[in-house]
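K.L.:
What follows is a predicted protein model with its sequence.
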Amino acid sequence: MTPPGWHPDPGHSGIGPAQERWWDGTRWTDQLRVPPATVRRRRMRVGAGITAGVVLLAAVGGGAFLLGQDSGGRTDGATAGPAPTGPSSGPSSGAPGGPGAPEDGEEGGGQAPDQKMPPTEEGYATDLASGISLPVPKGWTGSSGVVGAGLTTGEYPCPGDAGQKCVRGGVFSAPAAALDLKAATAEEAAKKDIAVNAAESYGEAIYEGITSHRTLKSEAVTVAGQKGYLVRWEVVTKKGDDGYVESLAFPSPTAKGQLVVIRSGFDINDKAPKLSVLEDIKKGIKAASGAGAGSVGSGGNA
C-alpha cells in the first residue's frame, strides 16, 4: 500500500503541466499542486521576480518597470485593458540571472517546453501553481501564468531611466517557494517579504533608494477562504513618486501545505489607482476555476 503523500496525478489529461495529487492512504483527494521542483526550476532569479516566463518584471510594485511580457499569457477578458509593451531589453534582461536566464542545467529560460498556459477565465488572471485567480479591474492588464500571475496599470517613463517603463499600480502572485521565501506561517512570510518587496519596487535601480518607511497595516486577513496575513508600508523615495507596498501571504486554497505570496505596489500620485482598488482586488481573489477538479478513482491503491 502506498503511504499518504503527493504522487503524479493519475487523472492528468496531458493538457498543461504535469501535477501531483494528494493520496491520503486510501483514496485520491481533490488537492492538486504543481511539483515544487518544477516551481523552483522555473523561478527567475531577479529580485522580486515574479516567476515563470510569462510575467517578466524586474520588480512588482507601482514602480515596477516592465522588461517584457508574453502576450499569450494576457487575460483578454472584458475587464482587461490593453497589454503594456516593455523594451526588449532592460537593466537586468541581458545580465546573468536576469529575467529568462536559465537555471543550472537548463538550456533556456521562460516557460518549460511541457508547460502550457493555464486556461484563463474572463476577467481574471490565473496563477496555476498557486491555485488562485486575481480579478482584473477595469482598464488594467491581467497576465496568467503556469507559475505566477500579475495585474498592472498606468504605464509611464521611469523617473530614473526614461528609457524604461514603470507602472502606477501592480499586483503579482507567486508561490512562496518560487521566491525562496522560507516561512512556516502566513504572518512570518508577509513580515519577511515586505522589505524585499519595497526594495525591489522602489529601490536603487529606478528610484535611487528608499529614505524611510512607515507601517500602515500589519494584520490578519482572510483571502480566498484562507486565513492569511498582510503588511503594508508607505515608502519615501529619493527620486520620483513615493509609494505604497504590500505583502500578503496565505495558504493556497488548492495546494496543501503551500503558501502563496501576493506583492502589491501603488504610486502615491493623482494618476495612480486608489488603495480602495487594492482592497477590491483582495476581496475578489478566489481559487482558480477548475483547480482540484476532475474525476479520478475515489478509492484503490496509488
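P.N.:
Yes, it's here.
K.L.:
Tell me the bridge partners for the closest residue to residue 167 other than its chain neighbours.
P.N.:
Nearest residue to residue 167 in three dimensions, chain neighbours excluded: residue 152, at 4.5 Å (Cβ to Cβ, 6 or more residues apart in numbering). C-beta: built from backbone N, CA, C; applies to glycine. For residue 152, the beta-bridge partners are residue 141, residue 170 (DSSP bridges).
K.L.:
My guess is residue 148 contacts residue 126. True?
P.N.:
No. Using Cβ atoms under 8 Å, residue 148 makes no contact with residue 126, being 10.0 Å away.
K.L.:
So the two - more neighbours on which side?
P.N.:
When residue 148 and residue 126 are compared on other Cβ atoms under 10 Å, the one with more neighbours turns out to be residue 148, at 34 against 29.
K.L.:
would you say residue 178 is within a strand?
P.N.:
No. The assignment for residue 178 (DSSP: H, G, I helix; E, B strand; the rest coil) gives helix, which keeps it out of a strand.
K.L.:
So it versus residue 149, what's the distance?
P.N.:
12 Å (Cβ to Cβ, to the nearest Å).
K.L.:
These two: which is more packed in?
P.N.:
residue 149 (35 against 28).
K.L.:
For the more buried one, give me its contacts.
P.N.:
By Cβ atoms under 8 Å, 6 or more residues apart in numbering, the contact list for residue 149 reads 55, 125, 126, 127, 130, 132, 133, 134, 142, 143, 172, 173.
K.L.:
Nearest to residue 278 among those?
P.N.:
residue 134 (11.3 Å; Cβ to Cβ).
K.L.:
Thought residue 127 was touching the closest one, still the case?
P.N.:
Yes. Using Cβ under 8 Å, residue 134 is in contact with residue 127, at 7.3 Å.
K.L.:
residues near the residue nearest to residue 167, how many?
P.N.:
29.
K.L.:
now do the one 10 residues further on
P.N.:
Neighbours of residue 162 under the rule other Cβ under 10 Å: 10.
K.L.:
Same check on the one 3 residues further on?
P.N.:
Close neighbours of residue 165, defined as other Cβ under 10 Å, add up to 20.
K.L.:
Check the secondary structure at it for me.
P.N.:
Classified using three-state DSSP, residue 165 is strand.
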